[in-house]
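>>> using only what follows, build the 3D model:
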Amino acid sequence: MEDFKLLSNTDSYLTFSMNQELFAVSVKKVTELLEMLPVTVVPKAPAYMRGVINLRGSVVPVLDTRTKFSLPSVPDSIDTCIVVMTIENGEELVKIGAIVDSVSEVIEIPNEEIMPLPAISKKERAQFIHGVIKKEERFIMILDVDRVFSTEEVISLKATELENVG
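A predicted model of the protein is given here:
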């Protein structure tokens with residue numbers, strides 16, 4: 001029974017890097033990983049939206065996570081990939097693709113090791129962070145993907161999708 005209790009307090013996270021920093025998202029949110037694909041640009045889309053891809057017949061918005069987090073832009077590399085995730089928008093589940101510099105690994109994190117983020121000056125960025133863990137000598141920021149892409153942004157992306165598909 002002790003082993004089951006220990007497992008129930010541990011979650012799996014996919015780690016990836018952006019701007020030489022490590023981030024993590026719950027594997028429960030990740031549906032697949034894709035090599036960087038050609039992305040169709042959508043006119044009048046928000047700056048952080050790189051465009052859309054066709055994923056087995058579904059139009060999936062692809063977001064430039066660096067732009068979303070106000071990080072410096074860099075050219076795509078051989079390691080650049082798209083993390084396809086399902087986010088919650090109220091009752092609706094929406095698939096989005098997030099461009100990241102590179103994917104690292106899946107790690108198991110006991111919930112008690114997740115530390116709250118201390119108050120920082122970039123409040124907008126802080127609201128996306130669920131918590132922080134320390135692995136070896138590095139910190140990994142755990143993202144709350146449902147908050148990274150707010151309801152208003154998801155509605156905007158869905159509307160853009162419909163306008164350009166219809």
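
>>> helices along this protein, start to end?
For the chain, the helices defined by DSSP state H occupy 2-8, 65-68, 123-126, 145-148, 151-165.

>>> what are the phi and psi angles of the residue lying closest to residue 36 once chain neighbours are set aside?
Closest residue to residue 36 apart from its sequence neighbours, by C-beta to C-beta, 6 or more residues apart in numbering: residue 80 at 4.6 Å. (Each C-beta comes from the backbone N, C-alpha and C, glycine too.) For residue 80, the backbone dihedrals (degrees, to the nearest 10) come out as phi -60, psi 140.

>>> residue 80: what's it in contact with?
Neighbouring residues of residue 80 by C-beta atoms under 8 Å, 6 or more residues apart in numbering: 36, 99-102.

>>> which among these end up buried?
Among the contacts of residue 80, those classed as buried by 16 or more other C-beta atoms under 10 Å are 99-101.

>>> in this protein, which helix or strand is least confident?
Lowest by mean pLDDT, DSSP states H and E among the helices and strands of the chain is helix 2-8, with a mean of 48.

>>> quick one: the strands in this structure?
Shown for the chain, the strands assigned by DSSP state E span residues 10-18, 21-26, 30-35, 49-55, 58-64, 81-89, 92-100, 102-110, 129-135, 138-143.

>>> got any ranges where the protein has weak pLDDT?
Low-confidence segments of the chain (pLDDT under 70): 1-8, 118-127, 149-166.

>>> which parts of stretch 15-23 are buried?
15-16, 18, 22-23.

>>> so which pair among those is furthest apart in space?
Maximum pairwise distance among the buried residues of stretch 15-23 (C-beta to C-beta): 10.9 Å, between 15 and 18.

>>> closest one of the buried ones among the contacts of residue 80 to residue 30?
Ranked by distance to residue 30 (C-beta to C-beta), the buried ones among the contacts of residue 80 are led by residue 100 at 11.2 Å.
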